[in-house]
Structures are given as C-alpha cells and as structure tokens.
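Q: below are the sequence and a predicted model; questions follow.
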Amino acid sequence: MADTLDLVQLRSLVAIADCGGVGRAAAALHLSQPAVSQHVRLLERRLRRTLLVRDGRQARFTPAGEQLLDEARRILAVHDDALGRLAASTQRALVLGSTETAAEQVLPQVLTTLRGAYPGRGVRFSIDRSTQMVEQLTKGTVDLAIVLGIDGDAPGRLVGRLPLRWFSRTPDEPGLEPAVPLVAYSEPCGMRARALAELADAGRRVEVTAESTSLEGVLAAARAGLGVAVLPSGGTPPAGLVERTDLPPLGVIGVHLATRRGLDLDVEAAALGALEEFFDRLGAPAPMGAHHEPLLDAS
C-alpha cells in the first residue's frame, strides 16, 4: 500500500465520476484528456489495483475504483474545508467607518448584519468626521463608511434620511433672547451651517457659545446648559437632553453608504441591506432610485 496519495490525481478520479467520463472530466478540470488518463494510471500503479475498465466507449469503475472514489471524496472535502478556514483566518478585518453623529444611530444594525454574514471575519471601526472618512476611503484604509450629508454633499449612495432636531438640557432652557446660544461642531459642518441659515431666515440672531471637533464635546456643552445643539435623530434624544420644538424646523440630513474601490460587492450589499432594514423600522424607507456617486470631499 502506498504511503501517500496525490490530491491532483484524486481530483481527476472524482471528476471522471462526476462528469461521466475522462473527456468531460478533462474539460472540467482544464486539462488534456491524456493527462487525466495518466492520473488514473499513476493511482493504479501506486495502489496496485485496477480502478477503471473500458466498457464499450465508456469507462467503468471497478469495485476497487468505487472504494477509492469514496475515500477520495472524503479526503478532498477535508482538504478543501481546511483551505477555506485558513483563507478566512488570513483575511484582513473589514474596516467600517462612520461619522460620530451616524454611529450611535445606525452603526449597531450594520455591525450585526456584517458579523452575521461573515462570522469568521473581524470588523474594526474608524469613527471620524466626514472629510476624514472620505480621505480614508480614497486611501483604501476604510472599506465602507456611513456618512451624513445635507443637500447631497456626501459621497456614495443615499440610503435614507434622518430628521435634524434641536436639543438642550431642558425644554425651556433660558437665554434664547436676544441671541440663540448655539453649541456646534467646529467648521466645516453642514449641520451647523443649516442651523445658522434657518435661524437667520427666522430673523433670529445667533451666538456660537461652544464648539467642538467631537460629538462628545457638543453633547457635553449642551448638557452643561451652554446652548442648543443640532443633531440627527433616529429615535430617543441623547441622554441628558430634550428636544426643543420652539425653534425653526431644520429638515433632514441624508445618510450615505460609501465604499472603497474594489470592495467585494457582497459586503456592500450586506451593509446596504442593514441600512434599508434600519430605515424600514424607523418608518422612513430608503430612497428609491439611489445611485452610486464618485467620492467627493464631503466636509
């Protein structure tokens, strides 16, 4: 009995059985017919048994051939499963990016979906502002990103919209006269620009009392009573804040999914499905006819 069996030769044997002949097996394996025949002869020589016999114009497996065929299927299945596991373990983690203001709203849904679809693959996060997200996508250091944009000023595919709302420490926070105290992201910021424009249209003066480059900074300032903040809302207000309804309506902000070039389409589809499910539950279905846009500098 031979000490080892050649996997390539075993694969040819299995292909003969599955394809119904040496010629069809050769075509399926992208080999020449003499090469496949040679694989069978080498197996027969190694095992010192006849595996195939001619039956008219067809090849028929002998009992020894049938026995080896069963073993070959098991050997190849174990081999291929092992390769699949090894390939999965060496895949780099998916890097999911998000703007801070989108992260708390929609990131959990996308994360759950991606982990369910790719259980053997890690997921890492990059939380930053939209401008930095776009730069990371362009460099390929982020695979896909959830970004917010007003009036189409964000990259990728528009998948839904969230209402913009005013928030403060109490529903009747004093100090709105003569100027509205605003806590906001540092420039550039589309939400800040929208707030300033709406208040100006309503004839209200504004004083930016606090600004921050981070969401936590904006929230901390609002919770401290320094002013009102503008944030997207997909449900309950942020902890420690209440919604204000005595200020001009702010409209909505778009939620976009942007992906790096060359990303597996299945990964993108999984993320899109998660976002669509989120907006379905929110009661705000994703826009119809959304299309991919080139990467833009969304600040």
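A: Thanks, I have it.
Q: CA atoms for contacts and neighbours, from now on please.
A: Fine.
Q: now the longest helix along the chain, how far from the chain's geometric center?
A: The residue-count maximum for a helix in the chain (DSSP state H) belongs to helix 63-90. Put simply, helix 63-90 sits 32 Å off its chain's centre (Cα atoms, centre = their mean, to the nearest Å).
Q: immediately after it, which helix or strand?
A: Sequence order places strand 94-99 as the next helix or strand after helix 63-90, per DSSP states H and E.
Q: buried ones in that next one?
A: Using 16 or more other Cα atoms under 10 Å as the test for burial, strand 94-99 gives Leu94, Val95, Leu96, Gly97, Ser98, Thr99.
Q: now swap in stretch 241-256 and tell me
A: For stretch 241-256, burial by neighbour count (16+ other Cα under 10 Å) applies to Leu241, Val242, Glu243, Arg244, Leu247, Pro248, Leu250, Val252, Ile253, Gly254, Val255, His256.
Q: what of stretch 254-273?
A: Applying 16+ other Cα under 10 Å to stretch 254-273 flags 254-260, 267-268, 270-273 as buried.
Q: where does the stretch 101-250 of the chain dip in pLDDT?
A: For the stretch 101-250 of the chain, the stretches with pLDDT under 70 are 105, 120, 151-153, 173-176.
Q: now do the strands in this protein.
A: 52-55, 58-61, 94-99, 123-128, 144-149, 157-168, 179-185, 205-212, 228-232, 242-244, 252-259 (DSSP state E).
Q: mind giving me a markdown table with these and columns for distance to Arg73?
A: Below are those laid out as a markdown table (distance: least, Cα to Cα, whole Å):
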| stretch | distance to Arg73 |
| --- | --- |
| strand 52-55 | 17 |
| strand 58-61 | 15 |
| strand 94-99 | 34 |
| strand 123-128 | 34 |
| strand 144-149 | 39 |
| strand 157-168 | 45 |
| strand 179-185 | 61 |
| strand 205-212 | 62 |
| strand 228-232 | 56 |
| strand 242-244 | 64 |
| strand 252-259 | 40 |
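Q: how about the ones you listed, which one is nearest Ala72?
A: Among the strands of the chain, strand 58-61 comes nearest to Ala72, with 13.5 Å by Cα to Cα.
Q: who does that closest one pair up with?
A: Strand 58-61 sits in its sheet next to strand 52-55 (antiparallel), going by DSSP bridges.
Q: and the strand it pairs with, what's its mean pLDDT?
A: Confidence for strand 52-55, expressed as mean pLDDT, is 86.
Q: okay, domains of the chain per the record?
A: Domain assignment for the chain by automatic domain parsing gives 7-90, 94-159+253-282, 162-252.
Q: now the longest helix of the chain: buried residues?
A: Across helix 63-90, burial judged by 16+ other Cα under 10 Å covers Gly65, Leu68, Leu69, Ala72, Leu76, Ala88.
Q: got it, and stretch 209-221?
A: Across stretch 209-221, burial judged by 16+ other Cα under 10 Å covers Ala210, Glu211, Ser212, Ser214, Leu215, Gly217, Val218, Leu219, Ala220, Ala221.
Q: who's in contact with the last one?
A: Put plainly, it is Ala221. The contact partners of Ala221, taken as Cα atoms under 8 Å, 6 or more residues apart in numbering, are Val183, Ala210, Gly227.
Q: what number of residues lie near the residue nearest to Asp18 when sequence neighbours are not counted?
A: With sequence-adjacent residues excluded and distances taken as Cα to Cα, 6 or more residues apart in numbering, Asp18 is closest to Ala25, at 7.8 Å. Neighbourhood size, Ala25 [other Cα atoms under 10 Å]: 24.
Q: ok, Ala25 - contacts?
A: Contacts for Ala25 (Cα under 8 Å, 6+ apart) come out as Ser12, Ala15, Ile16, Asp18, Cys19, Gln33, Val36.
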